[in-house]
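Engineer: pasting the sequence and the predicted coordinates here, then a few questions.
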Amino acid sequence: MITKDTYAAATAGSLARALRARELSALELFDVAVARIEAENPRINAVVVRDFERAREAATAADTALAKGDDRTLLGIPMTVKESHHVAGLPTTWGFEAFARWTPKRDATGVARLKAAGAVILGKTNVPPGLGDWQSNNPVYGRTNNPHDLTRSPGGSSGGSAAAVASGMVPIEFGSDIGGSIRVPAHFCGVFGHKPTYDLVPLTGHTPPPIDEGAGVEFAVVGPYARTATDLDLLLQILAGPDGDRATAYRVELPRPRAERLADFRILVLDAHPSCATDASITGAIHTVADAARKAGAKVARESARVPDLGAAHTTYIRMLMTIIGRGQPGAEPPIDAHAWFEGLDTIAAHRRQWAALFKEFDVVLAPAFGTVAFPHTTEQDWSKRTLTINGAPTPYGDQLAWPGTATFPGLPSTCAPIGKSPVGLPIGMQIIGPWLEDRTTIAFAHAVERALA
């Protein structure tokens, strides 16, 4: 019999097998998940929109389908989704009071695919206003706390997503990422998160109310969270592929991982960035993983002349990102004009070719997801006045966009995997960057590390 405590450590895969074997019912699983949320959420405030009534109906329908032999991948599995994803009948505010009463009429593509696979959506999780912070605090729903230390941030902008998984409320989640919004919370909370290759998973229905739901956004992706790398792969298979008119002609068949055993990977360690500082506890944990891989027989390099100019990439990324973020804001002046924007697209194309050349020699690149572990909550609104203490010295808060941007700028897949704890017991994650559209390779490496560190 599953309890809210055993449920807290279960994976979506193991729960699906138990449901298909009729070891428990979807309705029983729903009840346990709700009990876990009611026990944990008051102190964490991750699940900020509840949809328990409809979820109970979905669980009941799942039991009927299971009894008929339906074997859909997520049939009966409870989960939540980031607040910024449209779910028909539930508010989508992006953390803005002005949108507090706005509700979409249909589900985002990703949400619809999860439901079609049988997932039971319990509700939505917290974000910062406009998804623009590595905290998750807004005037509509309040602040989300890190389950490992309530005085610290769970990350953002998918902070509620990561906190819900880390605290055992749900086994899987659905977030988004443009500036580390999947990877930083995964790192802060000690869970697995995957930023897909750009445009692999449709963004349709992941937009604030003033913007057309089908509008694309450069750099932006949506992707999964889980308690294990295996579940990331399972979710990606459900989420990937075009929608709308593009689906008329195109299908996705993701290549198999380049390797599965730790010993068979060719690894490059990237532990320093010219645009930001990195705490020794982070780089030390990554070196520990790299050393374990080398001892297992993997090829490990600490440098490569093929690495693109990260400083130049970061400069262009920031200018383009600030232009995206300012879109629709009253009085906002874009940092660059149309000509500079297209020059940025040229730079992306050039860097993507350079990364492709590097990945002829290596399978994955290991890098920090962020330069510190989870930091204490701050109420300072001005990023220019915020600092992070790294190796005993204050450093600019915004500099840390450099590490997420390493994969975001060229649109590469990046999996964040937990690899250890800091001296004060906070989670440390590692960013695993891979070749264009070879998302299953970064996830497979995360799984190999998961097994090695077990």
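Structural biologist: Okay, I see it. Residues are numbered from 1 along each chain as shown.

Engineer: all helices for the stretch 351-454 of the chain, in order.
Structural biologist: Along the stretch 351-454 of the chain, counting by DSSP state H, counting those that start in this stretch, helices occupy 402-408, 439-453.

Engineer: just those helices: most buried one?
Structural biologist: Mean neighbour count (mean count of other C-beta atoms under 10 Å) peaks for helix 402-408 among the helices of the stretch 351-454 of the chain, with a mean of 27. For glycine as for every other residue, the C-beta is placed from the backbone atoms N, C-alpha and C.

Engineer: per-residue confidence at residue 257?
Structural biologist: For residue 257, the pLDDT comes out at 98.

Engineer: what is the neighbour count of it?
Structural biologist: Residue 257: 22 surrounding residues under other C-beta atoms under 10 Å.

Engineer: what sits against it?
Structural biologist: By C-beta atoms under 8 Å, 6 or more residues apart in numbering, the residues touching residue 257 are 438, 440-441, 443-445.

Engineer: without its sequence neighbours, what residue ends up closest to it?
Structural biologist: Nearest non-adjacent residue to residue 257, counting by C-beta to C-beta, 6 or more residues apart in numbering: residue 444, 3.5 Å away.

Engineer: for residue 414, same thing?
Structural biologist: Once flanking residues are discounted, residue 414 sits nearest to residue 407: 3.8 Å by C-beta to C-beta, 6+ apart.

Engineer: hmm, that neighbour is touching residue 432, no?
Structural biologist: No. Contact criterion C-beta atoms under 8 Å: residue 407 and residue 432 do not qualify, at 9.3 Å.

Engineer: list residues touching both of those two?
Structural biologist: Here residue 407 and residue 432 have residue 414 as joint contacts, going by C-beta under 8 Å, 6+ apart.

Engineer: from the geometric centre of this structure, which residue sits farthest away?
Structural biologist: Distance to the chain centre peaks in the chain at residue 68, reaching 34.3 Å (criterion: C-alpha atoms, centre = their mean).

Engineer: got a list of what that one touches?
Structural biologist: Counted by C-beta under 8 Å, 6+ apart, residue 68 has zero contacts.

Engineer: gap between the residue nearest to residue 257 and residue 429?
Structural biologist: Remark: distance between residue 444 and residue 429 (C-beta to C-beta, to the nearest Å) = 17 Å.

Engineer: same deal with residue 193?
Structural biologist: The value you get for residue 193 to residue 429, if C-beta to C-beta is used, is 8 Å.

Engineer: so for the two, which residue has more residues nearby?
Structural biologist: Taking other C-beta under 10 Å, residue 193 and residue 429 do not tie; residue 193 has more neighbours (35 against 32).

Engineer: got a pLDDT number for that one?
Structural biologist: pLDDT for residue 193: 99.

Engineer: so it touches residue 416, yeah?
Structural biologist: Yes. At 4.7 Å, residue 193 counts as touching residue 416 under the criterion of C-beta under 8 Å.

Engineer: residues shared between the contacts of these two?
Structural biologist: Common contact partners of residue 193 and residue 416 (C-beta under 8 Å, 6+ apart): 182-183, 186.

Engineer: would you map the strands across the stretch 201-350 of the chain?
Structural biologist: For the stretch 201-350 of the chain, the strands defined by DSSP state E, counting those that start in this stretch cover 221-226, 266-269, 299-301.

Engineer: the stretch 51-200 of the chain too?
Structural biologist: Taking DSSP E, counting those that start in this stretch, the strands of the stretch 51-200 of the chain run over residues 78-82, 120-125, 137-138, 142-143, 172-177, 192-195.

Engineer: so who does residue 452 touch?
Structural biologist: In this structure, residue 452 makes contact with 262, 289, 292-293, 296, judged by C-beta under 8 Å, 6+ apart.

Engineer: for the residue nearest to residue 414, give me its contacts.
Structural biologist: So, once contact is read as C-beta under 8 Å, 6+ apart, residue 407 ends up touching 195, 413-414, 431, 433.

Engineer: list of residues touching stretch 343-350?
Structural biologist: Against stretch 343-350 from outside (C-beta under 8 Å, 6+ apart): 218, 312-313, 316, 319-320, 336, 409-411.

Engineer: filter the residues you listed down to the buried ones, ChimeraX style.
Structural biologist: This is how ChimeraX selects the buried members of these, with burial counted by 16 or more other C-beta atoms under 10 Å:
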select :218,313,316,319,320,409,410,411
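
Engineer: so the residue nearest to residue 257 touches residue 260, yeah?
Structural biologist: Yes. Using C-beta under 8 Å as the test, residue 444 is close enough to residue 260 to be in contact (5.3 Å).

Engineer: point out where the stretch 201-350 of the chain drops to low pLDDT.
Structural biologist: Scanning the stretch 201-350 of the chain for pLDDT under 70 picks out 328-331.
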